[in-house]
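Enquirer: Turn this into a model:
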Amino acid sequence: MANQELVAALTQSQSHLPGPRKEAETFLKAAGRNPGYATALINVLLAQGLDLAVQQAAAVAFKNYVKYHWDPKDDNPFNEALVPIAEEEKAQIKQHLTNLMLASPKHVQLQLSEALTIICSTDFPDKWQNLIPELVGQFSQSDQNVLQGALRTASSIFKPYRNQYKSNELYRELKYVLDKFVGTSQGSKPFLDLFKRQCALVEGTQDPIALDLALQNLYIILRIYFSLHSQELPEVFEDTMQDWMGAFHKFLNYENAAVVSKNDEESSLDRVKAAICENVNVYIEKNEEEFQPYLQTFATDIWGLLLKVGAAANKDRLTTTAIRFLTTVAKSVHHKLFEDGETMKQICEGVVIPNLRMREDEEELFEMNFVEYVRRDMEGSDSDTRRRSSCELVKSLTEKFPEKLTQLCSAYIDVLVREYQQNPAANWKSKDCAMYLIMALTVRGKTAASGATSTNQLVNIGQFFQEHVVPELSTPRDHLPVLKADCLKFVITFRSQLPRETTLALFSSIVQLLGAESNVVHSYAATCLERALALKENGKPRFTKQEVLPFAQGALQGLFAAMEMPESEENEYLAKCFMRIVSFFGPEMGGIAVECMKHACAKLERVCRNPTNSNFNHYMFETVAALIKGGVEGGQTKQILPEFERSLFPVFQVVLVEDLEDFAPYVFQVLSQLIEVYDPPLPDVYTQIFPPLLNPTMWERSGNVPALVRLLQAYLSKQRVTGDQLQGVLGVSQKLMASKALDHQGFYILNALVESLPSDAIAPFLPGIWSLLCQRLQTSNTPKYTKHFLVFLALFIDKHGVQACSASLDQLQQGLFAMLLRQVLVPNFNNVKGDVESKLCAVALTKICCEWPDLLADQANWGQLLGTLVAYVEAGAVDRDDGGDGGLGEELAAGYSAAFAQLHHAQRKENDPLSDISDVRSYLALSLAKLSSAQPLAALISRVVSQESQSVLGGWLQAANATLN
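Expert: Below you'll find the predicted structure:
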């Protein structure tokens, strides 16, 4: 491939004009199918004088190509078989990659480092044994920029060790790395030597720029240390512990006026100190005995650090890692370090309360970026904030010293509340701090579904609620919004602990707060209402529809109004609450369902051309699906379906005509729902959509596939396909069968065809179908494929009979059905789970036993199959469920998923093709009785079936009032 062409395409791919950019992307996509593409990109990066943007584009292209082609997976976003990079090309890439990365600019270096990490995930260390020696060889570099490249590379390779499961393979790899990179107790120790040199360089440097670079590299060394001792303490680290701990202690107390922080960002020295805190934290978590001699020193160091670190935002990471160390000590056997009352008082006054107080930047976040504030405060994405770390410290100390800490914190809460009451307008931050402190003190355990599930019994949470939460929620809705949000969060947190009547009495105030100007407040009000309606007791909703009904109209109006407020036009918390109300009332939405659908569709039509919040879109489509489901269940289809369609079709048209790929899967699922409402024949508006669904380009996006299959199933259940359309459906199925990731979707289409078509319509296509399925079974089988193959085989037998199945398979190859029975069906049908699937298999095996003379002629195998079938049914396989929807609760919390956003309310209702067979045991008994009337079986069964199975079968025969001759 010519470098000039590739450089030109990479340059053009950066164009701000969509036409040239699209043309370049098409060229690069085509080039990626040719051998040598990765090497060509490496050659571009090796070239001199290229623009930095082009270098970065080449590095990104190289990383992405390596990601999918170094070790191709069947499950990939391109929905096609990818050609792997040849071994010779891989060798060339490895030869150049390390040195290329070390010599590249920082942004290019980061992309190449990611590519190297991807390669290492499959090739390191066995297929890339010279990598570590190459990196260690850079330790003597005087150029700190080159050294940084080597260290970043090593760090990216070792970072996965932090979270990997323990295994012999992991420890083998770790030993190799430690021996080659760190050194051994008896031999050289290149990593420790590098660390010492870097420490000396830092201490001896005063130039701010050089000092910053030296500290950056010291930080990376500390992160490598963290990765390499995250699993267990290596012997070489234990033997040199004094060297490491001495330097850790020194740099926790190190200060240098030459260290600068740019634009209030975290300084490189603070990053070093935070990394040291994380390293000693691992010791106290996993190596308490070895760390014991150093514990008091580091506890003093970190305590002193916290007292002088200050409240500046660029000190946040250092503060949180330091607090996390104290929290870990509090949870450990060394918690008695904090036992003294004076120590606890110092912790509360010096660490907890100062770091719980709202700062100006957090107040600004509340007002200017409500999404980020809510995610940090409500969703727990603030694991690295001062507030969250302080709360965790309080919880840990409360577990060890419940009486002392509860008494101490309760006193501080009283003081903070009194400060607020003296001057609410000026001192509202004191009550905000008190709200955080009491929740940290009280919550012992919680779940996403129920909130707090266990609490500190020494705290009278009910009294605090009545005295300090209820009154705040009753004040004007825009008064002190931060405290409104705190109180709503309190209700959300303790929703399962507060009495039903108490919570119900708050509904009116919560609905009023949906109209608050503050985006955080109306988001919290929506979440509070949504979580209350989702809460269950003993498997049933905590509140009845009659109890909630008086507030429903006001809540919906409040939500609609809030969605028109600035910054909340695509507020996912409002959308989720809307969905929950519709789902909660279901069929009882009545006439208001049409207005709700109009609002939802108007909102979707407005945002679909320029969507910004995928979770909002998901919940709005979930609401649409819930409205349709409720209308069907309420028997209101004829009255409201035309109104629904009038609102929905303009949205569908925009999405499908403009090819809005994020919205298409939702539209396909909702279309499926609508089609399933109709009795055949379908209206023209739906039948016209069917032919374009068979266009291969529709199936290229893997995210479309489950929704399109769902839509095909709906069509096939309502109309018979023939001719070219049937050929097209089979072509789609064949394409999906070629993918290990999507083959089950292909089976869903085949199953739908078998269910919907008579035998004469499908018969001409059976040789091709069986040939495709058996070829895949022989050449590229997986447990998942086997399971779905068995279900399809069973469905075909149940629908068209064992003789028709046997004859069609034997047309392909004589004796093929018997071979599949012997080698595939009998050994594997026990793995089929799920009510309908296992029922299909049990009935199919019954038909084979009772309707296929070839098997009965082989009496030993017949007896074995019958005994296995009896055991399968008796063990409850037919009554087991392999999943189910689990009820409408937390499954909706996840919202949008990039792979496929399934709508819970639009799920296909599982159809039982054998609904006329209510009891498989009785069916087997009666089938055997029928067979025995023509061919006596009693003596044969007593001879070839186990005594246990005979006993079970006798009970079934008696229950069915049947006998065997």
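
Enquirer: Provide a list of residues in contact with Phe325.
Expert: Going by C-beta atoms under 8 Å, 6 or more residues apart in numbering, Phe325 touches Cys277, Val280, Asn281, Ile284, Phe298, Ile302. All C-beta spots, glycine's among them, are computed from the backbone N, C-alpha and C.

Enquirer: residue ranges with poor pLDDT in this protein?
Expert: 1-2, 74-81, 263, 380-383, 876-900 (pLDDT under 70).

Enquirer: picking that back up, of the contacts of Phe325, closest to Ala600?
Expert: Asn281 (48.0 Å; C-beta to C-beta).

Enquirer: any idea how far the closest one is from Val272?
Expert: As judged by C-beta to C-beta, to the nearest Å, Asn281 and Val272 stand 15 Å apart.

Enquirer: Comparing the two, which residue is more hemmed in?
Expert: Per other C-beta atoms under 10 Å, whichever of Asn281 and Val272 has more neighbours is Val272, with 25 against 21.

Enquirer: The helix or strand encompassing the more buried one packs against which elements?
Expert: Assigned by DSSP states H and E, Val272 belongs to helix 268-286. Judged by 3 or more C-beta pairs under 8 Å, 6 or more residues apart in numbering; DSSP states H and E, helix 268-286 is in contact with helix 208-228, helix 241-252, helix 288-308, helix 316-331.

Enquirer: Can you give the distance of the last one from its chain's centre?
Expert: Think helix 316-331. 28 Å (C-alpha atoms, centre = their mean, to the nearest Å).

Enquirer: Check stretch 484-500 too.
Expert: For stretch 484-500, the distance to the chain centre is 27 Å (C-alpha atoms, centre = their mean).

Enquirer: what does stretch 305-313 give?
Expert: 36 Å.

Enquirer: swap in stretch 89-101?
Expert: The answer for stretch 89-101 is 34 Å, by C-alpha atoms, centre = their mean.

Enquirer: go on, stretch 762-776?
Expert: 37 Å.

Enquirer: Buried by neighbour count: which residues of it qualify?
Expert: Buried positions in stretch 762-776, judged by neighbour count with 16 or more other C-beta atoms under 10 Å: Ile762, Leu766, Ile769, Trp770, Leu772, Leu773, Cys774, Arg776.

Enquirer: Same check on stretch 115-123?
Expert: Ala115, Leu116, Thr117, Ile118, Ile119, Cys120, Asp123.

Enquirer: what's near enough to touch Lys839?
Expert: Val878, Asp912, Leu914, Ile917, Val920.

Enquirer: Out of those, name the ones that lie in helices.
Expert: Val920 (DSSP state H).

Enquirer: can you name the two of the buried residues of stretch 115-123 that are farthest apart?
Expert: So, those by C-beta to C-beta: farthest apart are Ala115 and Asp123, at 12.0 Å.

Enquirer: so where do the strands sit in the stretch 351-500 of the chain?
Expert: 443-447, 451-455 (DSSP state E, counting those that start in this stretch).

Enquirer: I'd assumed Asn610 was in a helix, is it?
Expert: No - read with DSSP: H, G, I helix; E, B strand; the rest coil, Asn610 is coil and lies in no helix.

Enquirer: Tell me how many other residues crowd it.
Expert: There are 7 residues near Asn610, going by other C-beta under 10 Å.

Enquirer: now Asn3
Expert: 13.

Enquirer: Which residues are in contact with it?
Expert: Ala40, Asn43, Val44, Ala47.

Enquirer: The third one sits in which helix or strand?
Expert: It stands for Val44. Counting by DSSP H and E, Val44 is found in helix 37-46.

Enquirer: That helix: which residues count as buried?
Expert: Across helix 37-46, burial judged by 16+ other C-beta under 10 Å covers Tyr37, Ala38, Thr39, Ala40, Leu41, Ile42, Asn43, Val44, Leu45.

Enquirer: Any chance of TSV for these, columns distance to Tyr176?
Expert: Formatted as TSV, those follow (distance: C-beta to C-beta, whole Å):
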residue	distance to Tyr176
Tyr37	32
Ala38	26
Thr39	28
Ala40	33
Leu41	30
Ile42	27
Asn43	32
Val44	33
Leu45	29
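
Enquirer: Could you identify the most distant pair in those?
Expert: Using C-beta to C-beta, the buried residues of helix 37-46 reach their maximum pairwise distance at Tyr37 and Leu45, which is 13.1 Å.

Enquirer: which of the residues in stretch 191-201 are buried?
Expert: Buried residues in stretch 191-201, counted by 16+ other C-beta under 10 Å: Phe191, Leu192, Leu194, Phe195, Gln198, Cys199, Leu201.

Enquirer: who's in contact with the closest residue to the fifth one other than its chain neighbours?
Expert: Here the nearest residue to Gln198 in space, its sequence neighbours aside, is Leu218; by C-beta to C-beta, 6 or more residues apart in numbering that works out to 4.9 Å. For Leu218, the set of contacting residues under the criterion of C-beta under 8 Å, 6+ apart consists of Phe195, Gln198, Cys199, Val202, Phe251, Val272.

Enquirer: For Lys489, state which of those residues is nearest.
Expert: Closest to Lys489 out of these is Val272 (35.7 Å), distances taken as C-beta to C-beta.

Enquirer: Which residues does stretch 911-920 contact?
Expert: Contact with stretch 911-920 is made by 717, 755, 795, 798-799, 835-836, 839-840, 842-843, 846, 873, 878, 923, as judged by C-beta under 8 Å, 6+ apart.

Enquirer: one more time with 7 Å, if that's ok
Expert: Glu755, Leu795, Asp798, Lys799, Val836, Lys839, Leu840, Ala842, Val843, Val873, Val878, Tyr923 (C-beta atoms under 7 Å, 6 or more residues apart in numbering).

Enquirer: Now do the contacts for Gly746.
Expert: Ser733, Leu736, Met737.

Enquirer: again with His905
Expert: By C-beta under 7 Å, 6+ apart, the contact set of His905 is Ser583, Glu622, Ala625, Ala626, Lys629.

Enquirer: Take the residues you listed and lay them out in a markdown table including distance to Leu498.
Expert: Below are those laid out as a markdown table (distance: C-beta to C-beta, whole Å):
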| residue | distance to Leu498 |
| --- | --- |
| Ser583 | 23 |
| Glu622 | 28 |
| Ala625 | 32 |
| Ala626 | 27 |
| Lys629 | 31 |
